[in-house]
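In: just need the structure, nothing else, for what follows:
(chains A, B and C)
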Amino acid sequence: MKKKIVVLGGSFGGLTAVLEIKRLLRDQADITLISKERDFVFLPSLPWLIMGSRQARDITLKIEDILGPRAISFSCSTVTGIEPDRLKVITDNGDYPYDYLVISTGPHLSCDEIPGLGPEGGHTLCTFTLEYAQKSRQAWLRLLEEPGPVVLGSTQMASCFGPYYELAFEMDHELRRRKMRHKVPITYLTSEPYVGHMGIGGLGKSRRFLEDEFAERDIKIVTNQSIDEITPDEIRLAGGQALHFKLAMLAPPFKGVAGVAELGNPRGFIPADEHYRHPQHPNIYTVGVAMAMAPAESTPIPTGVPKTGSMTVKMAKAAAANIAADIRNQPPLPAKPLDVICLMDMGKTAALMIADPILPPRQRSCLKKALWAKWAKIQFEKYFLWKMLHGYTNLP
Amino acid sequence: MKKKIVVLGGSFGGLTAVLEIKRLLRDQADITLISKERDFVFLPSLPWLIMGSRQARDITLKIEDILGPRAISFSCSTVTGIEPDRLKVITDNGDYPYDYLVISTGPHLSCDEIPGLGPEGGHTLCTFTLEYAQKSRQAWLRLLEEPGPVVLGSTQMASCFGPYYELAFEMDHELRRRKMRHKVPITYLTSEPYVGHMGIGGLGKSRRFLEDEFAERDIKIVTNQSIDEITPDEIRLAGGQALHFKLAMLAPPFKGVAGVAELGNPRGFIPADEHYRHPQHPNIYTVGVAMAMAPAESTPIPTGVPKTGSMTVKMAKAAAANIAADIRNQPPLPAKPLDVICLMDMGKTAALMIADPILPPRQRSCLKKALWAKWAKIQFEKYFLWKMLHGYTNLP
Amino acid sequence: MKKKIVVLGGSFGGLTAVLEIKRLLRDQADITLISKERDFVFLPSLPWLIMGSRQARDITLKIEDILGPRAISFSCSTVTGIEPDRLKVITDNGDYPYDYLVISTGPHLSCDEIPGLGPEGGHTLCTFTLEYAQKSRQAWLRLLEEPGPVVLGSTQMASCFGPYYELAFEMDHELRRRKMRHKVPITYLTSEPYVGHMGIGGLGKSRRFLEDEFAERDIKIVTNQSIDEITPDEIRLAGGQALHFKLAMLAPPFKGVAGVAELGNPRGFIPADEHYRHPQHPNIYTVGVAMAMAPAESTPIPTGVPKTGSMTVKMAKAAAANIAADIRNQPPLPAKPLDVICLMDMGKTAALMIADPILPPRQRSCLKKALWAKWAKIQFEKYFLWKMLHGYTNLP
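Out: Numbers count the residues shown, from 1 in each chain, chains lettered A, B, ... in the order given. Now for the predicted structure:
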């Protein structure tokens, strides 16, 4: 009898998992992807959408267009619970029994933890969904009309820093182009102990590199901060200091998604062994942001390890391979430590970052500013979207 | 009837103001410049005079030689008071009635605020007048005979830092040329919170730049200091530390000049709107160091915003244009934020600095070390003196 | 009657002294070198021995082979005392009367000052003798089998920092070559107030240089530390922090050697005037590590001024010349301040360092990373060993 494989999440992790399982198992499995979104959004391009160089349609694919031609079922539903003992996923559209489950539900943006935070009812914006990015786009357009102080960065418990570095560079660049940079003080505010920490304990000379690049661009740095409260025009820090803003974009604290959180740790992140298997439920795999990962080092203000799209894709491939192996009664593949390759936009240039493994000490690390990195970033987006639409997972 | 225009001060601001008013109004105005000095001194070259590469005559013009041929009256007098209600300037040579007044009296070097400070009765020297620079020249020659520790920098409330950075570089360079650098420890002591702050909140990478350049030259850095007292061979800091010296050159606290101070704030600096007009007396204009300017940010030890010759010239031109406009019953010209371009001597090289506007955030900032900057600095001095002698104010 | 000249120590200082005295005085002196070792070891290459690119035989010369052909007596003995009033050196092989004495006995590695320190009974290793370096080689080979944390650096009162910087670079390089760098966290732990201080108050941009180079290589920096105790796997710092290690190499506190210490200060270092003469016993000269030298500045944790081989050779030549002058009833040669030229290995590259004089302020300082410096370092070792074997002391 065919194995029932259910995958939760329609972004990098979930789509890679179903495509890869299909590639490995062909018709030996009955595969369903459950996502509350109908679209796949290439999240790394959201800063560009905010800056106006991308439209939503440029970076969006219909999940149905990807899965339909490949005979993978798609259910647009919200998961409300998992019953690991009864091997069932509960959703608002009914239950889904499974033999194997892959959880790739990403983060819950836990804005409630800080009064005044977030784009829903709060006073700050963020990048993490298409909808929020579109709101941010509107706020940015308003700021260009009525310039004032901008604050970008991350709250305590955030575990994604890159887009806010990118926005600092991109906004600086755009404001200079418009000859109005002197009307917009930009502050990078973060829970990181120093700029360039990025939740991974820094990367080579990243601290000095970003201090210098920000200094050259008059971007003020406020590090190692915990936020108490946000009013319509002020960010109040735990230390008593307050930052005035006209536009604030802050990565909120991350948690696991509600429907799967009870399988996880107190913040709802799901534990996994080196094969991405749940320690108590070996037929449940977790990849991407949903997975619990211990930080490189404890920081004075708590920060989390970021999981980029490229990391999530690697985890999803490993989980898919391990499921295929398990179905064929083979042992899981040898575990490989995760590495990360990342291209950070810097306005008119960009930086290549390689951390291998992701946390120090590393066999290999690289941080290089180069114009070709900007071109590589632009081209990779198109390449990845083409690859995803055509269901390729193992091209270079 | 011709308008009476009185201008106080015979340096960058005063001379530019009278020449520019003359250019704009020709014979429609009766213009008088009052200065207690008979000579214009190109103050930016005083460090070179101290080092021996300039004589007083190289950098001095007779004010009479500038104003005489252009039918501008000159009175060599000391202003003792202003009576804004009676439209009169009081001097030791009698009263001068005015319709418009331009105050460009520069700083009062307030050495009395720190016991032992200053070239008159105290134990430290400075650069701000030809006489003081000549005293410093003698002290430097003595130091070359009997080498010992040198301290250069700025006291609390100083608002001119550049010349002391230049002297540090120039003395280091000269001592190495003479193969005696190892006999002269050099310390840069300052009220700035960090080197490169310069009273303007830093300029791009200026902090790291100067830290590195000083480190390479074995120039010790002591920042964020307030001075309690100066003895014949020691500078006693508020924190208890004492710096031994054989030669000390320190920018003293700045105040407004006594004769005009009552129009100003508690430190005697005169308030002005964006058109350089006194808020209560719209026919009184103020330019240059005499004008009150709020700092970029409050620093732990109080520092002021420097006003360079190039800034003062720009202010004087704007004030002149606004006076001409007012006489013609036109509104003042649109206000432009001040920018600054500066060439800092570094011994065998130099640095170009651009801050536009002068205080952050800036649309444009630049800090570049280059040999051509040294040549540009040398050439600019000659060009400016030629231009001033011939009464040109609006050449490039 | 021939003067009796006794020289203690068979390393850079002692050998240079006897060869140079022989060159200057030919048969007018009766010269004896006393050393407890039969071999001269080129100590700067011990880090390479630890890393496996040198064997003991590559960097060792028999002292007898150097002195025998030149009619200089050699006694392999341990000095137990000096009787300056009776002009005698006491050894375990009998007494040696002298007219002139040169002390070049190097450091006593004072491991007893810190519980658990050192290669004899303690838990840490070091580089300073061939035997200790060979122990370290074995420990390094074990670490490659069972990787774990490495700690390199210096204890309080150490006065030799270079080899531990070199080892940090070399181990990083070797571990990357073996693709196992990520299994070995490396920490540089030191009593220096900052990296690059090196006991000489830093050298130009050495601080930033080493911070950057270590950051690029994921080498963690812990500065300004005093060590309380070392257990088999932990270094316990005075501040309470503990560093876990699998391999620790630490420069121990330095003292003067027991047999000569009573001529010296409380730590057994022997005072000398600018001609390397003992203030109370003008026929006793001291060169190299044995000589007391005041630090550049007091550091929060006490550190000493390092004396490199090149410095020791210069001191020994000056002492020899002064002895020759004294015998000929001439005054001592004009004293020259010591400078230092040093090539620091950095794995696949190296750095040239020049400090002239050794302590700031300096007439000349240089710190340059270059591949040619690596080649120069490799070639210099061979050149120096050839020169020493053939008794040349005044070749370039």
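
In: next secondary structure after the host helix or strand of residue A:137?
Out: Using DSSP states H and E, residue A:137 sits within helix A:130-145. Sequence-wise, the next helix or strand downstream of helix A:130-145 (DSSP H and E) is strand A:150-154.

In: close to chain B, is the helix or strand just after that next one?
Out: Scanning forward in sequence from strand A:150-154 by DSSP H and E, the next helix or strand is helix A:162-177. Yes. Judged by Cβ under 8 Å from any Cβ of the partner chain, helix A:162-177 comes into contact with chain B at residue A:176. C-beta: built from backbone N, CA, C; applies to glycine.

In: buried sites along helix A:162-177?
Out: For helix A:162-177, the neighbour count (16 or more other Cβ atoms under 10 Å in any protein chain shown) marks A:162-176 as buried.

In: what's the answer for stretch A:377-386, then?
Out: Buried-residue list, stretch A:377-386, by 16+ other Cβ under 10 Å: A:377, A:381, A:384, A:385.

In: pLDDT below threshold where in the stretch 151-300 of chain A?
Out: Within the stretch 151-300 of chain A, no stretch falls below the threshold (pLDDT under 70).

In: if we can go back for a sec, tell me what angle the helix holding residue A:137 forms with strand A:150-154.
Out: 150 degrees (axes from the mean of the first three to the mean of the last three Cα atoms, to 10 degrees).

In: ok, residues contacting helix A:130-145?
Out: A:39, A:41, A:46-47, A:49-52, A:56, A:60, A:119, A:125-127, A:150, A:171, A:178, A:180, A:184, A:246-247, A:249 (Cβ atoms under 8 Å, 6 or more residues apart in numbering or on different chains).

In: ok, 6 Å please
Out: Contacts to helix A:130-145, defined as Cβ atoms under 6 Å, 6 or more residues apart in numbering or on different chains, come from residues A:41, A:46, A:49, A:50, A:56, A:119, A:125, A:126, A:127, A:246, A:247.

In: what of stretch A:44-59?
Out: Stretch A:44-59 is contacted from outside by A:42, A:127, A:130, A:133, A:136-137, A:140, A:163, A:166-167, A:170, A:174, A:381, using Cβ under 6 Å, 6+ apart.

In: just name the closest of these to chain B, please.
Out: residue A:174 (12.5 Å; Cβ to the nearest Cβ).

In: of all the contacts of helix A:130-145, which two lie farthest apart?
Out: Using Cβ to Cβ, the two most remote members of those are A:41 and A:246, lying 27.1 Å apart.

In: the two: which has the busier surroundings?
Out: Between residue A:41 and residue A:246, residue A:41 has the larger neighbour count (other Cβ atoms under 10 Å in any protein chain shown), namely 20 against 16.

In: which residues touch that one?
Out: Residue A:41 is in contact with A:60, A:130, counting by Cβ under 6 Å, 6+ apart.

In: element containing the closest residue to chain C within the stretch 51-200 of chain A?
Out: Residue nearest to chain C within the stretch 51-200 of chain A: residue A:196 (9.6 Å; Cβ to the nearest Cβ). Per DSSP H and E: residue A:196 is located in neither a helix nor a strand.

In: so it versus residue C:195, what's the distance?
Out: 18 Å (Cβ to Cβ, to the nearest Å).

In: quick check: residues of chain A near chain B?
Out: Listed as neighbours of chain B in chain A under the rule Cβ under 6 Å from any Cβ of the partner chain: A:181, A:182, A:185, A:212, A:215, A:216, A:218.

In: try it again at 10 Å.
Out: Applying Cβ under 10 Å from any Cβ of the partner chain, one finds that chain A approaches chain B through A:149-150, A:172, A:175-176, A:178-187, A:208, A:211-220.

In: residue A:219 reaches residue A:212, doesn't it?
Out: No. Using Cβ atoms under 10 Å as the test, residue A:219 is too far from residue A:212 to be in contact (11.0 Å).

In: the more surrounded of these two?
Out: residue A:219 (23 against 16).

In: one step back: the residue of the stretch 51-200 of chain A closest to chain C: what's it in contact with?
Out: Counting by Cβ atoms under 10 Å, 6 or more residues apart in numbering or on different chains, residue A:196 makes contact with A:161, A:165, A:202-211, A:213-214, A:223, A:353, A:367, C:215.

In: please apply the same query to residue A:226.
Out: A:114, A:155, A:156, A:157, A:191, A:237, A:238, A:239, A:300, A:301, A:302.

In: 6 Å instead?
Out: A:156, A:238, A:301.

In: only whichever of these are buried, select them in PyMOL.
Out: Here is the PyMOL command that selects the buried residues among these (16+ other Cβ under 10 Å):
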select buried, chain A and resi 156+301
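
In: nearest residue to residue A:37 other than its sequence neighbours?
Out: Nearest in space to residue A:37, with sequence neighbours left out and distances taken as Cβ to Cβ, 6 or more residues apart in numbering or on different chains, is residue A:10 at 5.4 Å.

In: run a quick neighbour tally on the one you found.
Out: Residue A:10: 27 neighbours (other Cβ under 10 Å).

In: try residue A:341
Out: By the criterion of other Cβ under 10 Å, residue A:341 has 14 neighbours.

In: that one: which element?
Out: In the assignment (DSSP H and E), residue A:341 maps to strand A:340-345.

In: show me what that strand is packed up against.
Out: strand A:350-356, helix A:371-389 (3 or more Cβ pairs under 6 Å, 6 or more residues apart in numbering or on different chains; DSSP states H and E).

In: about what we covered before: restricted to strands, list the residues of chain A next to chain B.
Out: A:150, A:186, A:187, A:219, A:220 (DSSP state E).

In: of those, grab the buried ones for PyMOL.
Out: The buried residues among these can be selected in PyMOL (16+ other Cβ under 10 Å) with this line:
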select buried, chain A and resi 150+186+187+219+220
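
In: and of the ones in strands among the residues of chain A next to chain B, the nearest to chain B?
Out: Relative to chain B, and with distances defined as Cβ to the nearest Cβ, the nearest of those is residue A:186, at 6.8 Å.

In: hey, what's that closest one bridged with?
Out: residue A:150, residue A:219 (DSSP bridges).

In: any idea how far it is from residue C:311?
Out: Residue A:186 is 51 Å from residue C:311, by Cβ to Cβ.

In: how about residue A:75?
Out: Separation of residue A:75 from residue C:311 (Cβ to Cβ): 78 Å.

In: over to residue A:361?
Out: To residue C:311, residue A:361 is 35 Å away according to Cβ to Cβ.

In: then residue A:24?
Out: Counting by Cβ to Cβ - residue A:24 and residue C:311 are separated by 67 Å.
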